[in-house]
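*Asks:* Sequence and predicted structure are below.
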Amino acid sequence: MEICSICKKEKEISRSLGICIDCIRDRFEKSLPYIKKAHKKEIYSEDGVTCGICIRRCRIPEGEKGYCEARKNTGGKIIPKTGSDEYAFVECYYDLLPTNCVAADFCGEKESKRGKNLAVFYGFCNFDCLFCQNWNYKNVERKMSVDDLLFFVDDETKCICFFGGDPTPQIFHALKAAERSERARICWETNGSFSCGLAKKVGDVSYRTGGTIKFDIKAFSNSIYMALCGVKKENTFKNFKFIYKNFRREDPPILVASTPLVPGYVDVFEVEKISEFIASIDPNIPYALLAFHPDHKMMDLPNTSKDLATSCFNAAKEHLERVKIGNVWLLK
């Protein structure tokens, strides 16, 4: 427990923010300086070129990199740091099926006895999640071509999952790999904040191959989104609706949502509102509540408690048909 810098009450908060959930939601203007201090600064220049790949729409000056650091302005054009979309900073490895994938309970892989997943881990992200459980994406230094990546796709590879970090900053590399792959289902684990045009491409390739798109919906309140991730929720929610409307498929589902239960910041209210949002689209969309463990800039928070997970599960079940708690071994 810590003292909130705004309301001066003892609450379950992280020193990385220094403020409590109530002040973030109810006193946002007072919270904003603390939120900005906790996150990386935006990239913006009156003379810069706009990168339209995601919600940030960075205005990048000549010779500089965007917020995600994967894309840069060279000669007035936005190009990848690698110099070509044929290359990306990425690592990959095999997971034998069934895996601990967020969608495993819903896509049929829980019953699978054979085959493997190729997990493709991209080395950049356009969010700045203080609680990031995969922050080691920042250490990815291997540069792979699309053909290098596809070398790992063999007859036993049933699915390819792009994640990270997040695939968004290097999404053209992922899309090229997806288009050239002839065997596997194409799946994504993403914050979903890419542009609408890219949402169409992501939805199309997963729909055609029988893959699933897993949206990590961090919160419902925009203020909590900004506090935890340094960015607004707009594109994530909009793209979630768009993909369901245009690529609806129920078996396996085209969409799965997940939310990390960050103690002190993602509570029953946030989960219930997310559940209502999902149910307004289709109450049969699967939803996974993920246990949090102390990591990255929120090492001072506890693991998700069993009480919080149970309360959030019960709230979600009021609105949705298919809800599960993931990473149950982390609950305390």
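*Replies:* Here it is on my side, so go on. Predicted model, so just to flag it, every value in this text is computed and none were measured.

*Asks:* what's the spacing between the residue lying closest to residue 265 once chain neighbours are set aside and residue 46?
*Replies:* Spatial nearest neighbour of residue 265, excluding adjacent residues (C-beta to C-beta, 6 or more residues apart in numbering): residue 21 at 5.4 Å. C-beta here means a position set from N, CA and C on the backbone, and glycine is covered the same way. According to C-beta to C-beta, to the nearest Å, residue 21 and residue 46 sit 36 Å apart.

*Asks:* what's the answer for residue 318, then?
*Replies:* Taken as C-beta to C-beta, the span from residue 318 to residue 46 is 48 Å.

*Asks:* can you check residue 96 too?
*Replies:* 52 Å.

*Asks:* more neighbours, the two?
*Replies:* residue 96 (12 against 6; other C-beta atoms under 10 Å).

*Asks:* give me phi/psi at the spatially closest residue to that one that is not a sequence neighbour?
*Replies:* Distances taken as C-beta to C-beta, 6+ apart place residue 116 nearest to residue 96, at 5.2 Å, with adjacent residues excluded. Reported as degrees, to the nearest 10, the phi and psi values for residue 116 are phi -150, psi 160.

*Asks:* so who does residue 116 touch?
*Replies:* Contact analysis of residue 116 by C-beta atoms under 8 Å, 6 or more residues apart in numbering lists 94, 95, 96, 97, 156, 157, 158.

*Asks:* In CSV, list these along with secondary structure, distance to residue 237 and pLDDT.
*Replies:* Listed next are these as CSV, based on DSSP: H, G, I helix; E, B strand; the rest coil; distance: C-beta to C-beta, whole Å; pLDDT from 0 to 100:
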residue, secondary structure, distance to residue 237, pLDDT
94, strand, 33, 95
95, strand, 29, 91
96, strand, 34, 89
97, coil, 31, 86
156, coil, 37, 93
157, strand, 32, 94
158, strand, 30, 93
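
*Asks:* Distance to residue 143 added to those residues, as a markdown table?
*Replies:* Formatted as a markdown table, the contacts of residue 116 follow (distance: C-beta to C-beta, whole Å):
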| residue | distance to residue 143 |
| --- | --- |
| 94 | 20 |
| 95 | 23 |
| 96 | 27 |
| 97 | 28 |
| 156 | 26 |
| 157 | 22 |
| 158 | 27 |
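
*Asks:* neighbours of residue 160, just the number please.
*Replies:* The burial count for residue 160: 26, using other C-beta under 10 Å.

*Asks:* now swap in the one 3 residues further on and tell me
*Replies:* The local packing of residue 163 (other C-beta under 10 Å) involves 21 other residues.
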